[in-house]
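Q: Could you look at this predicted model? Sequence included:
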Amino acid sequence: MSYEAVIGLEVHAQLLTRSKMFCGCGTEFGLPPNTQVCPVCLGMPGSLPVVNKQAVEMAIRAGLALNCSIRPTNRFARKNYFYPDLPKGYQISQYEAPICEYGWIDLAVNGRSMRVRIRRAHLEEDAGKNIHASEAPGSLVDFNRAGTPLLEIVTEPEMGSAEEVVTYLKSLRDLLVYLDVCDGNMEEGSFRCEPNLSLRPVGATTLGTKVELKNINSFKFVKEALEYEIGRQTKVLLEGKTVHQETRLWDIERAQTVVMRSKEEAHDYRYFPDPDLVPLSISEEWIAELRETLQELPQARLQRFVTEYSLSEYDAGVLTSSRALADYFERCVKLFNQPKTISNFVMGELLRELNQTGSDVESSPVSPERLVELLGLVDNGSISLKMARELFPEVYASGKSPEQLVEEKGLRQVSDEGELGKIIVSVIQSNPTQVVQYREGKETVLGFLMGQVMKASGGKAHPQKVMELLKKALAG
């Protein structure tokens with residue numbers, strides 16, 4: 001019997017607020033343990049939560065971008081369970097009445113279009129972090145993260161492969177980063193995904209037993225974990241055994257999933273409305289106001305780059321992968337209207353230097369104005385495109401202007417017809433055999449003579465000008 005995978009996803013996106021979901025403690029990553037805590041996020045008796053308005057607005061904006069309906073009335077619930085990193089003994093989340101529901105996101109996977117439906121997106125607070133230090137006799141708990149606002153985005157179970165899941169995750173991450181509601185950093189835990197996977201016979205309509213995967217902090221590991229788990233469950237079923245509902249961790253070192261715990265059902269959490277928080281009312285006016293703040297979204301910008309700048313879908317996809325990179329590109333085009341040339345340079349030279357130095361485009365030492373200055377030197381014939389590419393790393397590293405570096409290194413191309421004419425005459429006189437061959441119709445010899453002129457000029461001769469003058473001299 002053949003089986004097919006059915007995959008749904010839960011993504012926890014940490015919202016880019018300066019304070020936590022229900023108190024005024026900060027959300028900065030990497031501070032000393034337990035330095036961003038207060039009675040509210042520690043669940044001290046008598047402390048009362050207050051909803052973070054900015055987190056609500058970010059959730060609404062994300063919901064609108066995901067084509068969701070925004071509930072006019074939604075409320076918070078207590079999700080009850082005991083774990084050392086949960087100081088209250090419950091997590092404030094949303095259950096029956098999420099803030100966003102029934103949306104979708106469109107994807108392109110291997111040249112075909114598919115739509116992934118969003119079941120719901122709801123607000124909740126994060127838990128703390130257990131630290132299992134080898135040098136300590138037990139485990140430690142850092143509550144800095146406890147109470148940090150999260151938007152949990154839940155899809156319908158309708159993806160069928162690891163590739164589709166990774167495409168969805170990348171698209172969702174790009175969208176949230178574009179909106180400035182999440183920084184998308186998987187390593188720091190601000191964008192976490194938990195796939196839910198089941199197998200069923202091909203053609204069946206009922207879902208199989210669901211297994212949830214955790215502890216995955218990169219797109220690469222998402223793909224590897226899903227492919228491993230599909231293989232594991234297929235083997236279990238083909239052997240006539242039963243797949244158990246459970247939560248499994250991805251073990252990076254062994255490249256396999258391992259059992260963490262049996263999976264709880266929703267009723268195990270004993271959800272009930274949080275008595276300390278009144279229902280949250282969201283007016284149509286508030287939604288309309290937030291809709292006006294939405295920037296051009298990644299997919300729309302990608303299509304505009306294809307039509308407006310005549311770029312390939314691939315190039316447009318790279319350039320719109322982050323809003324900052326797309327903004328950088330468009331600033332360059334406004335200053336120097338050669339989109340394809342700029343695209344090649346940004347995707348090649350600029351991204352290579354940024355990757356090598358571990359920088360992002362916002363902190364690039366080469367501003368759009370500086371990059372355009374370099375390309376302008378190519379355009380006016382001062383240097384060749386090859387020279388510009390060789391010069392770019394030094395422009396990036398030194399902070400000097402391209403014009404200054406060209407002068408210091410003596411790279412400016414020779415375009416003076418009189419000077420080039422002397423070199424060409426010398427080359428023709430030194431290579432009589434090749435000249436005769438060319439005049440007898442062997443045009444490939446022209447490349448050799450061109451090379452001799454460039455060599456004699458120290459590589460500084462303007463290639464187009466040399467070609468023009470060389471043909472004229474040979475014809476005479």
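A: Okay, I see it.
Q: Please name every helix or strand in contact with the longest helix seen in the chain.
A: The longest helix of the chain (DSSP state H) is helix 219-238. Under the contact criterion of 3 or more Cβ pairs under 8 Å, 6 or more residues apart in numbering; DSSP states H and E, helix 219-238 touches strand 3-14, helix 162-178, strand 191-201, strand 211-214, strand 246-251, strand 256-262. (C-beta placed from N, C-alpha, C; glycine too.)
Q: what angle separates that helix from helix 162-178?
A: Here helix 219-238 runs at an angle of 150 degrees relative to helix 162-178 (axes from the mean of the first three to the mean of the last three Cα atoms, to 10 degrees).
Q: buried residues in helix 219-238?
A: 219, 221-226, 228-230, 232-234, 237 (16 or more other Cβ atoms under 10 Å).
Q: tell me which element Gln434 falls in.
A: For Gln434, the host element (DSSP states H and E) is helix 432-439.
Q: Only the buried residues of that helix, if you could.
A: Going by neighbour count (16+ other Cβ under 10 Å), the buried part of helix 432-439 is Gln434, Val435, Gln437, Tyr438.
Q: Show residues contacting that helix.
A: Helix 432-439 has contacts (Cβ atoms under 8 Å, 6 or more residues apart in numbering) with Ile428, Val445, Leu446, Phe448, Leu449, Leu474.
Q: how far away is the second one from Ile428?
A: Applying Cβ to Cβ, to the nearest Å, the value for Val445 to Ile428 is 12 Å.
Q: which residues are contacting stretch 309-317?
A: For stretch 309-317, the surrounding residues in contact (Cβ under 8 Å, 6+ apart) are Leu302, Gln303, Phe305, Val306, Leu319, Val333, Pro339, Lys340, Ser343, Met347.
Q: Just flag the most distant two among the residues you listed.
A: Within those, Gln303 and Met347 form the most distant pair, 18.2 Å apart (Cβ to Cβ).
Q: out of those two, which sits in the busier spot?
A: Per other Cβ atoms under 10 Å, whichever of Gln303 and Met347 has more neighbours is Met347, with 16 against 13.
Q: which residues are contacting stretch 78-97?
A: Residues from elsewhere that reach stretch 78-97 (Cβ under 8 Å, 6+ apart): 21-22, 41-43, 49, 71, 73-77, 122-125, 127-130, 139, 141, 143, 146, 152, 264, 266, 268-274, 277, 279.
Q: As CSV, could you dump the C-alpha coordinates of it?
A: Output of stretch 78-97 as CSV, limited to C-alpha atoms (Å, rounded to 0.1, in the frame of the first residue of the first chain):
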residue,chain,number,x,y,z
ARG,A,78,-6.1,30.2,30.4
LYS,A,79,-4.3,27.1,29.1
ASN,A,80,-3.6,25.1,32.2
TYR,A,81,-0.6,22.8,32.5
PHE,A,82,2.4,22.4,34.8
TYR,A,83,5.9,22.9,33.6
PRO,A,84,8.9,24.5,35.4
ASP,A,85,9.2,27.3,32.8
LEU,A,86,5.6,28.3,33.2
PRO,A,87,5.6,30.5,36.4
LYS,A,88,1.8,31.0,36.7
GLY,A,89,0.9,27.3,36.2
TYR,A,90,-1.1,28.4,33.1
GLN,A,91,-0.4,30.2,29.9
ILE,A,92,-2.6,33.1,28.7
SER,A,93,-3.7,32.3,25.2
GLN,A,94,-6.8,32.4,23.0
TYR,A,95,-9.0,29.4,22.4
GLU,A,96,-12.6,29.7,21.3
ALA,A,97,-12.3,33.3,20.1
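Q: Where does pLDDT dip in the stretch 51-200 of the chain?
A: 136 (pLDDT under 70).
Q: And the strands in it, which stretches?
A: Applying DSSP state E, counting those that start in this stretch to the stretch 51-200 of the chain gives strands spanning 69-70, 73-74, 77-80, 90-93, 100-109, 112-125, 129-131, 140-142, 149-155, 191-201.
Q: Could you list the residues in contact with the second one?
A: Read it as strand 73-74. Against strand 73-74 from outside (Cβ under 8 Å, 6+ apart): Gln94, Ala97, Pro98, Ile99, His122, Pro279, Leu280, Ser281, Ile282.
Q: Tell me who's in contact with the third one.
A: Remark: with contacts taken as Cβ under 8 Å, 6+ apart, Pro98 is in contact with Arg71, Asn74, Arg120, Ala121, His122, Leu123.
Q: These into CSV, with extra columns for neighbour count and distance to Gln245?
A: Below are the contacts of Pro98 laid out as CSV (neighbours: other Cβ atoms under 10 Å; distance: Cβ to Cβ, whole Å):
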residue, neighbour count, distance to Gln245
Arg71, 19, 30
Asn74, 21, 29
Arg120, 21, 21
Ala121, 24, 24
His122, 23, 23
Leu123, 25, 27
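Q: for those residues, which one is nearest Ala65?
A: Ala65 has its nearest neighbour among the contacts of Pro98 in Ala121, at 10.4 Å by Cβ to Cβ.
Q: nearest to Lys409, of the helices and strands packed on helix 219-238?
A: That would be, of these and by Cβ to Cβ, helix 162-178, which comes in at 39.0 Å.
Q: can I see the domain layout of this protein?
A: 9-194+264-286, 298-409, 417-475 (automatic domain parsing).
Q: export those to a markdown table and tack on distance to Glu246?
A: Formatted as a markdown table, those follow (distance: least, Cβ to Cβ, whole Å):
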| stretch | distance to Glu246 |
| --- | --- |
| domain 9-194+264-286 | 10 |
| domain 298-409 | 36 |
| domain 417-475 | 66 |
